[in-house]
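Trainee: Task: produce atomic coordinates for the following.
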Amino acid sequence: MSAASASFDWKAMGQELRSNPKTQIALAAFALVMLYALYTFFASDASKGRRAVAAGAGANLDPRQLQGLRRLPDLAALGKAGELPPLAKVSRDLFLFEAPAPPPVKVAPPPPPPPPSAEEVEAQRKAAEKAAEYAGRPQDLRYLGFFKGSPSGAVGAFMKGEEPVTLTSGTLLKERWKLVAILDTRAEFQNTKYPDMKLVLEVREASGGGPTNQF
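Mentor: Numbers count the residues shown, from 1 in each chain. All right, here's what the predicted structure looks like:
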């Protein structure tokens, strides 16, 4: 071998490389092949190391989780390492899919209504007072008619249940109900506190009818 090495002319080889383009191209191709072979060798060793680490890390996972991981496509092997997986797989976490549901969102109760104004309170008070006043009207009377009295003038004849009652014009009943009109067919009472509140009793047969109220 030493004889062959000694007989090899390095100067002639250098002269060949400088002067022959084909030799230069062949040498460059040989260098590229060697670089690719070295890259493949070292990349294969690195992937084996990563697989070993992944296998060791997955030893503590639940079998169902490991099964779910194995179903996922190997994006690097498919040449799709630069692409994002579908949205459904991005939003689903294999390690948390059996976690309990989040607590329901607490909805704040609606705020209480604002208190009524002074005007509203006064209106409510007056309405309640007026309703109570109207409830005290002398509706238990039944008007029969009238007759001429002397010197009082017209006298109204009424029935309160089975008891006859006579009233003259201007008579107050239940403190605020004043008899203001005695006519042939009806008698009218008016409330002295609320003049728009009236009670009209019309002449009716003994077996039917009742008072006519004006409110």
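Trainee: CA atoms for contacts and neighbours, from now on please.
Mentor: OK.
Trainee: got a list of contacts for stretch 175-191?
Mentor: Stretch 175-191 has contacts (Cα atoms under 8 Å, 6 or more residues apart in numbering) with 137-138, 143, 145-146, 154-156, 167-173, 192-193, 196-203.
Trainee: Next one: the residue nearest to Arg18 when sequence neighbours are not counted relative to Glu16, how far apart?
Mentor: With Cα to Cα, 6 or more residues apart in numbering as the criterion, Arg18 has its nearest non-adjacent residue at 7.8 Å, and that residue is Gln24. Per Cα to Cα, to the nearest Å, Gln24 is found 9 Å from Glu16.
Trainee: now the contacts of stretch 175-191: which count as buried?
Mentor: Among these, those scoring as buried are 137-138, 143, 145-146, 154-156, 167-169, 172, 197-203 (criterion: 16 or more other Cα atoms under 10 Å).
Trainee: for the chain, what spans make up the strands?
Mentor: 141-149, 153-160, 163-168, 172-173, 177-182, 186-191, 198-202, 212-214 (DSSP state E).
Trainee: so can I have CSV of those showing distance to Pro102?
Mentor: Output for the strands of the chain, formatted as CSV (distance: least, Cα to Cα, whole Å):
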stretch, distance to Pro102
strand 141-149, 71
strand 153-160, 74
strand 163-168, 78
strand 172-173, 71
strand 177-182, 69
strand 186-191, 67
strand 198-202, 66
strand 212-214, 64
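Trainee: can you redo those strands as a markdown table with distance to Leu32 and mean pLDDT?
Mentor: Listed next are the strands of the chain as a markdown table, based on distance: least, Cα to Cα, whole Å; pLDDT from 0 to 100:
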| stretch | distance to Leu32 | mean pLDDT |
| --- | --- | --- |
| strand 141-149 | 126 | 87 |
| strand 153-160 | 129 | 89 |
| strand 163-168 | 133 | 91 |
| strand 172-173 | 126 | 90 |
| strand 177-182 | 122 | 92 |
| strand 186-191 | 119 | 93 |
| strand 198-202 | 118 | 92 |
| strand 212-214 | 115 | 46 |
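Trainee: quick one, which of those is nearest to Arg71?
Mentor: Minimum separation from Arg71 across the strands of the chain (Cα to Cα) falls at strand 212-214, 86.6 Å.
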